[in-house]
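Visitor: Please work out how this folds:
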Amino acid sequence: MSQFLFLTFLIINTTLAVSQNPGYAPLPPKLDNLDLLLKVDHFPSPVFASTDPDEPGTYFWKHITTVFSPSADIQIEEGGAYIFYNNQWNLRVRYTGE
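Guide: Residues are numbered from 1 along each chain as shown. Next up is the predicted model:
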């Protein structure tokens with residue numbers, strides 16, 4: 001019986017992990033029709049969570065992001081971040097071009 005429960009648990013977790021894969025999800029409509037003209041990098045890569053010594057149990061991701069246009073001059077109008085959860089891309093933060 002315990003082997004059956006473990007196998008069931010393993011199958012459910014594997015299914016949830018695969019279904020939460022952003023590689024198979026469509027991009028948000030705002031981004032879906034844009035041409036790929038920019039190169040975005042993060043340093044370090046990959047970025048790992050760090051603990052906040054002033055607030056136990058709080059984590060943050062300390063990194064530098066660069067945006068580069070190899071083909072033409074660009075003007076940044078808006079920036080931000082999306083996070084993938086609940087099987088979709090969700091807007092986390094939006095910044096103006098300033």
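Visitor: So which residue is dead centre in the protein?
Guide: The centre of the chain sits closest to Ile83, judged by Cα atoms, centre = their mean, with a distance of 4.4 Å.
Visitor: Tell me the pLDDT of that one.
Guide: If you check Ile83, the pLDDT there is 85.
Visitor: cool, and Glu77?
Guide: pLDDT, Glu77: 85.
Visitor: Relative to Thr96, how far out is it?
Guide: 8 Å (Cβ to Cβ, to the nearest Å). (Each C-beta comes from the backbone N, C-alpha and C, glycine too.)
Visitor: Next: Gln75.
Guide: 12 Å.
Visitor: In terms of neighbours, single out the busier of the two.
Guide: Thr96 (9 against 6; other Cβ atoms under 10 Å).
Visitor: That one and Glu78 touch, don't they?
Guide: Yes - counting by Cβ atoms under 8 Å, Thr96 touches Glu78, with 6.4 Å between them.
Visitor: dump the residue contacts of Leu38.
Guide: Contacts of Leu38 were listed using Cβ atoms under 8 Å, 6 or more residues apart in numbering, and they are Val67, Phe68, Ser69, Ile74.
Visitor: what's the burial count for the nearest residue to Tyr59 once chain neighbours are set aside?
Guide: Among residues not flanking Tyr59 along the chain, Ala49 sits closest, at 4.3 Å (Cβ to Cβ, 6 or more residues apart in numbering). When neighbours are defined as other Cβ under 10 Å, Ala49 has 10 of them.
Visitor: Over to the one 3 residues further on?
Guide: Applying other Cβ under 10 Å, we find 11 residues neighbouring Asp52.
Visitor: Please name the nearest non-neighbouring residue to it.
Guide: Thr58 (4.2 Å).
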